[in-house]
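K.L.:
sequence first, then the predicted structure:
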Amino acid sequence: SGAVVTPDNAMRVSAVFSCVSLIAGAISQLPVHVYERTEESRKRADHDYWWLLNEQMSSAWPTAAAWEYLVAQVLLRGDGIAYLKRNRAGQVTAILPWPRNQVQILEQERNSPRDERRLQYTFFDKEGYFTVDQADVLHLPGFGFNGVHSMSVIQWGARNGIGIALQGDEHAGKF
């Protein structure tokens, strides 16, 4: 179609907006249960992280809004990523969703192909940047995850259709 399609302008197409808001909204309302392993199976646990995963991820993020944002990032950009803020004891005290386009994911160097793959995430915004190990990140991969990042549906699957819809809307507005 020739139109430049980004996740931001794709949301101007009513079909994209409706699909993303419906899927993300529905998933954001689902409860997240915490389980512990037993010898033969698992059982639901009364865990401190339940509050973060179901009520309030951080002071600025009610959990439903955070899940909706993370799922929308998966749908539009391929990955939903949140930084796990920890206290000095190493316990997670907040989960901070981060825009996917403001996170760079790199594989750490390995000495051998047999070594386990570890990822480093660099988060940045207008205030600066910081880099953390994968243990401090909640990474929700989407379709086509290759161990580092996922494919963006907008970039790989729907670019042409959305571009045609954007150009049709622009033409109708001028006409």
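P.N.:
Thanks, I have it. Please read these numbers as outputs of a predicted model, since none were measured by experiment.
K.L.:
now do the same for Y129: helix, strand or coil?
P.N.:
Look at Y129: counting by DSSP: H, G, I helix; E, B strand; the rest coil, its state is strand.
K.L.:
who does it form a beta bridge with?
P.N.:
F124 (DSSP bridges).
K.L.:
hmm, it is touching Q120, no?
P.N.:
No: look at Y129 against Q120 with Cβ atoms under 8 Å: they stay out of range, at 11.9 Å. To be clear about C-beta, it is placed using only N, CA and C from the backbone, and glycine gets the same treatment.
K.L.:
the two: which is more packed in?
P.N.:
Q120 (15 against 11; other Cβ atoms under 10 Å).
K.L.:
right, and the more buried one touches D133 too?
P.N.:
Yes: counting by Cβ under 8 Å, Q120 touches D133, with 6.4 Å between them.
K.L.:
got the end-to-end distance for stretch 57-71?
P.N.:
15 Å (Cα to Cα, to the nearest Å).
K.L.:
who's in contact with it?
P.N.:
Contact with stretch 57-71 is made by 23-25, 27-30, 52-56, 80-82, 85, 94-97, 138, 140, as judged by Cβ atoms under 8 Å, 6 or more residues apart in numbering.
K.L.:
next step: those restricted to helices.
P.N.:
Residues of these located in helices (DSSP state H): I23, A24, G25, I27, S28, L52, L53, N54.
K.L.:
for the residue nearest to the third one when sequence neighbours are not counted, helix, strand, or coil?
P.N.:
Once flanking residues are discounted, G25 sits nearest to E68: 5.9 Å by Cβ to Cβ, 6 or more residues apart in numbering. Of the three states, E68 takes helix under three-state DSSP.
K.L.:
burial count for E68?
P.N.:
21.
K.L.:
quick one: it from Y49, how far?
P.N.:
To Y49, E68 is 19 Å away according to Cβ to Cβ, to the nearest Å.
K.L.:
ok so, going back, the ones in helices among the contacts of stretch 57-71, buried ones only, as a ChimeraX selection?
P.N.:
Restricted to buried positions by 16 or more other Cβ atoms under 10 Å, the ChimeraX selection for the ones in helices among the contacts of stretch 57-71 reads:
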select :24,27,28,52,53,54
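K.L.:
quick one, helices of the chain?
P.N.:
7-10, 14-28, 49-54, 63-77, 153-156, 159-174.
K.L.:
and among these, the most buried is which?
P.N.:
Stretch with highest mean neighbour count among the helices of the chain: helix 63-77 (a mean of 22; mean count of other Cβ atoms under 10 Å).
K.L.:
in stretch 95-105, which residues are buried?
P.N.:
Buried residues in stretch 95-105 (16+ other Cβ under 10 Å): I95, L96, P97, W98, R100, V103, I105.
K.L.:
since that was my last question, I'll sign off now.
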